[in-house]
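1. Mind folding the following:
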Amino acid sequence: MDGGGCLLFALSGNRLADKDRGVAGLSLGGDAVVLPRPLRRIVRFIVSLCSGRVAIPRHAGKLSLAGFYTVVALHGTVAGGHGPVVMQTITSTAGFAVEDVRVSGNRHTSEIDILQLLGLDGSTSVLSLDIAEARKAIAELPWVASVDVRKIYPATVEVVLHEREAYGIWQHGSELSIIERSGSVIAPLRDNKFAHLPLFVGRDAETAAADIEEQFARWPSIASRVKAFVRIAGRRWDIHLQNGVIVKLPEANIDAALALLARFDAEQDLLERDIAAVDLRLPDRTTIRLTPEAVERRELALEERRKMLKRTGQHT
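-> As a prediction, this is how the structure comes out:
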């Protein structure tokens, strides 16, 4: 046994006449153990290392120790879930930190909301930014119909929005909401910048809004005076005009009722008179209700006429 402490094996076998011909087996206690071929090279290297025939490079110990610590650090980072943070820090330092966010197509969506959902903190890396998660988060904003988020290397993120189209205002109870043409609610009404949109009131008014507004579009002289479309019992409409007149429409054949109303207005200037309501629900009868002031004036006029007829009768 050598002074270095390495155990030397007696190598034997039919193919071991020359030590340079390879290791075939181990002789332990007189019995030869034949090694599998893949292990022979390993045993040969160990024997050579112990006998001093293999020179160990300088600083191999230091490099091995550094490698060991590196492996341990990487394992701890992955096991502790700190991999994304470390990657973000490295890539940001390398020049991939997000420096510019380009947002387009946002007429009603705040850029501040978009930046918050992107989760940028000043050191966010373009490489580590999760595009799928950012797109999913932004798509949930009220006005967003669809969104495309792209990375532009090395330090830019581009957000392109396609927003929903406001069609009208729906009043349900005391709440006011902005709706699409389909009737889907976009968002609560917060200001008066949508005051020009038609107002639809009542249960199911939002889903029937497009149909009634389309029918009125064929009668622009009446449509221009409408203040609100009020849904009655989910079956028919009352139309409130800007001057306070209420037009009661039938459940069916609305176009014929509007044609009649337009004719009365053209011939008798009906909608400009002192009336409270026009009832068009019956196809063979149109009922007009006067305002209280008009009723009072009419009664006074009738009373004056009766008096005049009475005086005329006395003189004749």
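2. And the helices in the protein?
-> In the chain, the helices defined using DSSP state H lie at 37-51, 60-79, 83-91, 111-118, 131-139, 205-216, 220-223, 254-268, 292-315.
3. Now the fifth one: buried residues?
-> Buried residues in helix 131-139, defined by neighbour count with 16 or more other Cβ atoms under 10 Å: Ala134, Arg135, Ala137, Ile138. Bear in mind the C-beta positions are built from the backbone N, C-alpha and C, glycine included.
4. Just the C-alphas of stretch 145-158, formatted as CSV.
-> Output of stretch 145-158 as CSV, limited to C-alpha atoms (Å, rounded to 0.1, in the frame of the first residue of the first chain):
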residue,chain,number,x,y,z
ALA,A,145,-63.4,44.7,-26.7
SER,A,146,-60.0,43.3,-27.6
VAL,A,147,-56.4,44.1,-26.9
ASP,A,148,-53.0,43.3,-28.5
VAL,A,149,-49.8,43.6,-26.3
ARG,A,150,-46.4,43.4,-28.0
LYS,A,151,-42.8,43.6,-26.9
ILE,A,152,-40.5,45.8,-28.9
TYR,A,153,-37.0,45.1,-28.0
PRO,A,154,-35.0,46.2,-26.2
ALA,A,155,-37.1,48.4,-23.9
THR,A,156,-40.7,49.1,-25.2
VAL,A,157,-44.1,47.6,-24.7
GLU,A,158,-46.9,48.4,-27.2
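5. weakest of the helices of the chain by average pLDDT?
-> Lowest mean pLDDT within the helices of the chain: helix 83-91, a mean of 50.
6. Nearest spatial neighbour of Ala210, chain-adjacent residues omitted?
-> Arg181 (5.1 Å; Cβ to Cβ, 6 or more residues apart in numbering).
7. and that neighbour, what does it touch?
-> Residues in contact with Arg181, defined by Cβ atoms under 8 Å, 6 or more residues apart in numbering, are Glu165, Tyr167, Ala209, Ala210.
8. can you check Leu115 too?
-> Leu115 neighbours (Cβ under 8 Å, 6+ apart): Val101.
9. try it again with 6 Å
-> Counting by Cβ atoms under 6 Å, 6 or more residues apart in numbering, Leu115 makes contact with nothing.
10. and it, how far is that from Val144?
-> 14 Å (Cβ to Cβ, to the nearest Å).
11. low-scoring pLDDT stretches of the stretch 101-250 of the chain, where are they?
-> 122-123 (pLDDT under 70).
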